[in-house]
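Q: Quick one: sequence plus predicted model below, questions after.
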Amino acid sequence: MTSPAATVRVAGGQGFWGDWLEAPYRQVTGGPVDYLMMDYLAEVTMSILQKQKSRDPARGYATDFVTQMERILPTTVKRGIKVTANAGGVNPRACAMAVADVARRLGLGGKLTIGVVTGDDLLGRLDGLLARGHALKNLDTGRPLRDVRDRVLSANAYLGAAPVVEALQRGAQVVITGRVTDTGLTLGPLMHAFGWAPDAWDRIAAGTVAGHIIECGAQCSGGNCLKDWKRIPDMANIGYPIVEARPDGTFDLIKHPATGGRIDVASVTEQLVYEMGDPGEYITPDGVADFTTIQLTQAGQDRVRVSGIKGKPATDKLKVSIAFFYGYKAIGTLVYAWPDALEKARAADRILRQRLKDLGLLFEAIHTEFLGANATHGPLALQDVDVAALPEVQLRIGVRARDEKPVDRFTREIAPLILNGPPSVTGFAGGRPKPEEIVAYWPALIDKRMVQPAVELIQA
Amino acid sequence: MKQRRSLGRTAGRSRARKVRLVDLAHARSGDKGDTANIGLIALKPRDYPLLVKQVTAARVARHFKGMITGKVERFELPNLYALNFLLHGALDGGGTISLKTDAQGKVFSTALLRLEIEVHT
């Protein structure tokens, strides 16, 4: 190993599959960075990818990542920027092959080593694990997995930074993983660059917090920031975040010069509390970070210094993300205009519910919202509002059932209301809503010993 | 401060006024299954003790009555001048199961900012 670097810059390039396509290119060309991390996997993404793979064994990964790599590889290879991404989904090897093909097409054959991290996929091992007494109980409900075993579509353990570190140490310039934690994609590069030990708990916690801050892309650099939002400059040209880390575990949050957005204590704090549980126990496979120890200071314009972070040893469990088939849902909408917009929408809701009842349709849930009135703030929203003055209201009714039949029948009950319900109604141009399959999420824990991450290298 | 409304109580040395949280704090929320989290952050550090004292778990549970089916938990982050609330049973099952527009609780935080607390001046 070479001697540890003085500072290392990890850039956040994608906060989710579907994030801004311009961001990765801007991150690798807008100024110096050492690593680019990209997060692609939400909780139910794995089940969609598993379905694709079952139809075509060469699929099952985030195809947009390959398109991105085609655009940025010439720059990353030239500048020595390494990439970590969990774009491999349920088929990291196929994803790596596709990136290798792209590299060869770009004339980079022989110049690129791709690391592939697997071992997270437990779908094929589920019955063996259940037979050996691993109940994979639902963390929220306590129910054992055998209750829904025949409907399971995917099951993946969350791997930590360790296999990412191994891939980098063996010379990978691009590391493509399956279900590695979002934070591991940032922590891995820092452990590798600084030679942090896996039990240097404060450092591990610091790298984890760094990863948490940039894992949602621009959501820490002015995007979706409530404080002073009208004065956040040049959002069209928003700069995605960069962690500038030091070997002692302190780091600065920055962005490239001449980009928009804002990095200040407020924007970073908002991201720190996003999706937070118990702040004293932010648990990852790598360790446990204590968010009540984080100190933030404004160290310059668009530069926030993060220090003081304390960590605790990792637990002996890994989280498992399981997706299973749940049932069907459909959502129908109609728009009612002034006068009495809300009253008309409420009447339409009552009529529709009566008809569903008269048809004898059974639903697990029927949910009504009046957009423009109460969809986001419920009853709190209408306390200070002159309801009669509302210019328009969208009626939005959703139904959910285990069977498709009642849901399908519901979708045919929306349009008739235009002619046989309350007046001044429009907004049905989209046609009849479609019943949608519900794939639900089942969080569980498993003993760490049962999961063995694997790393292989592929040469382009 | 134009949005602060007088409570009309002038007796005693200090005047108490009702102030909406939107004038004292900013917030962000997200989800974990059927639980919404709300991170409530004081706009000015000096107002953090007010939030700690008045924006209790019980108060937040009352505010969201009828909108959540489970309990409310509160955690303190004095280092960030922030409180974190977990609102259980807030998302109609959460994630893909939920029929709500805000199935992931993204804007639950803004509903909390409607809460009024008392400020003495």
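A: Done, it's in. Numbering: from 1, shown residues only, chains lettered A, B, ... in the order given.
Q: C-alpha only now, for contacts and for neighbours.
A: Noted.
Q: is the residue of chain B at minimum distance from chain A in a bridge, and if so with what?
A: Nearest residue of chain B to chain A, counting by Cα to the nearest Cα: B:Gly30, 4.4 Å away. For B:Gly30, the beta-bridge partners are B:Asn37 (DSSP bridges).
Q: what separates A:Gly311 from chain B, distance-wise?
A: 16 Å (Cα to the nearest Cα, to the nearest Å).
Q: Report the next helix or strand after the helix or strand hosting that residue in sequence order.
A: Following DSSP states H and E, the helix or strand that holds A:Gly311 is strand A:310-312. Downstream of strand A:310-312, the first helix or strand assigned by DSSP H and E is strand A:317-337.
Q: Just give me how far the lowest-mean-pLDDT helix or strand in chain A sits from the chain centre.
A: For chain A, using mean pLDDT, DSSP states H and E, the weakest element among its helices and strands is helix A:45-55, scoring a mean of 89. Taking Cα atoms, centre = their mean, to the nearest Å, one finds helix A:45-55 lying 17 Å from the centre of the chain it belongs to.
Q: For that helix, list every residue counted as buried.
A: A:Thr45, A:Met46, A:Ser47, A:Ile48, A:Leu49, A:Gln50, A:Gln52, A:Lys53 (16 or more other Cα atoms under 10 Å in any protein chain shown).
Q: and the residues you listed as a markdown table, adding distance to B:Arg46?
A: What follows is these, written out as a markdown table (distance: Cα to Cα, whole Å):
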| residue | distance to B:Arg46 |
| --- | --- |
| A:Thr45 | 43 |
| A:Met46 | 45 |
| A:Ser47 | 47 |
| A:Ile48 | 48 |
| A:Leu49 | 49 |
| A:Gln50 | 51 |
| A:Gln52 | 53 |
| A:Lys53 | 55 |
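Q: Which of those residues sits closest to chain B?
A: Closest approach between the buried residues of helix A:45-55 and chain B, by Cα to the nearest Cα: A:Thr45, at 11.1 Å.
Q: wait, what's in contact with that closest one?
A: A:Gly89 (Cα atoms under 8 Å, 6 or more residues apart in numbering or on different chains).
Q: now with 6 Å?
A: By Cα atoms under 6 Å, 6 or more residues apart in numbering or on different chains, the contact list for A:Thr45 is empty.
Q: Can you tell me the closest non-neighbouring residue to the closest residue to chain B within chain A?
A: Residue nearest to chain B within chain A: A:Glu275 (4.4 Å; Cα to the nearest Cα). Spatial nearest neighbour of A:Glu275, chain neighbours left out: B:Gly30 (4.4 Å); criterion: Cα to Cα, 6 or more residues apart in numbering or on different chains.
Q: Now do the contacts for the one you found.
A: Per Cα under 6 Å, 6+ apart, neighbours of B:Gly30: A:Tyr274, A:Glu275, B:Ala36, B:Asn37, B:Gly105, B:Lys106.
Q: Confirm the second one sits in a helix?
A: No: A:Glu275: not assigned to a helix; according to DSSP: H, G, I helix; E, B strand; the rest coil it is coil.
Q: Let me see the domain layout of chain A.
A: Chain A is divided into the following domains under automatic domain parsing: A:8-120+A:158-315, A:326-441.
Q: Quick check: end-to-end length of the first one?
A: Its start and end residues considered, domain A:8-120+A:158-315 measures 28 Å (Cα to Cα, to the nearest Å).
Q: Tell me how far that domain lies from the chain's centre.
A: On Cα atoms, centre = their mean, the centre of domain A:8-120+A:158-315 falls 12 Å from that of its chain.
Q: just the shortest one next, same as before
A: For domain A:326-441, the separation from the chain centroid amounts to 29 Å (computed by Cα atoms, centre = their mean).
Q: So which residues of chain A form helices?
A: A:23-29, A:45-55, A:63-79, A:92-105, A:126-131, A:162-169, A:184-194, A:201-214, A:265-272, A:341-358, A:404-411, A:416-420 (DSSP state H).
Q: Tell me which of those helices sits nearest to B:Asp47.
A: Of all these, helix A:265-272 sits nearest to B:Asp47, with 14.8 Å by Cα to Cα.
Q: so that closest one versus helix A:201-214, what angle?
A: Compare the direction of helix A:265-272 with that of helix A:201-214 by axes from the mean of the first three to the mean of the last three Cα atoms, to 10 degrees and you get 100 degrees.
Q: Can you pull out the residues in contact with helix A:265-272?
A: For helix A:265-272, contacts defined as Cα under 6 Å, 6+ apart pick out A:Cys220, A:Gly222, A:Cys225, B:Arg28.
Q: Just the buried ones among these, please.
A: Buried members of the contacts of helix A:265-272, counted by 16+ other Cα under 10 Å: A:Cys220, A:Gly222, A:Cys225, B:Arg28.
Q: List every C-alpha atom in stretch A:429-445, with coordinates, as CSV.
A: What follows is stretch A:429-445, C-alpha atoms only, in CSV (Å, rounded to 0.1, in the frame of the first residue of the first chain):
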residue,chain,number,x,y,z
ALA,A,429,-57.9,12.6,-20.0
GLY,A,430,-55.6,9.9,-18.7
GLY,A,431,-58.3,7.3,-19.0
ARG,A,432,-59.1,4.4,-16.7
PRO,A,433,-56.6,3.7,-14.0
LYS,A,434,-54.8,0.4,-14.1
PRO,A,435,-54.6,-2.1,-11.3
GLU,A,436,-51.1,-2.2,-10.0
GLU,A,437,-49.3,-5.1,-8.3
ILE,A,438,-48.1,-4.3,-4.8
VAL,A,439,-44.7,-5.6,-3.9
ALA,A,440,-44.2,-5.1,-0.2
TYR,A,441,-41.1,-4.8,1.9
TRP,A,442,-40.1,-7.2,4.7
PRO,A,443,-37.2,-6.1,6.8
ALA,A,444,-35.4,-8.8,8.8
LEU,A,445,-32.1,-9.6,10.5
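Q: List the buried residues of it.
A: A:432-435, A:437-445.
Q: what's the model's confidence in it, averaged?
A: The average of the pLDDT scores along stretch A:429-445 is 92.
Q: Looks like A:Tyr61 contacts A:Ala85 (just checking).
A: No: under the criterion of Cα atoms under 6 Å, A:Tyr61 makes no contact with A:Ala85, lying 11.2 Å away.
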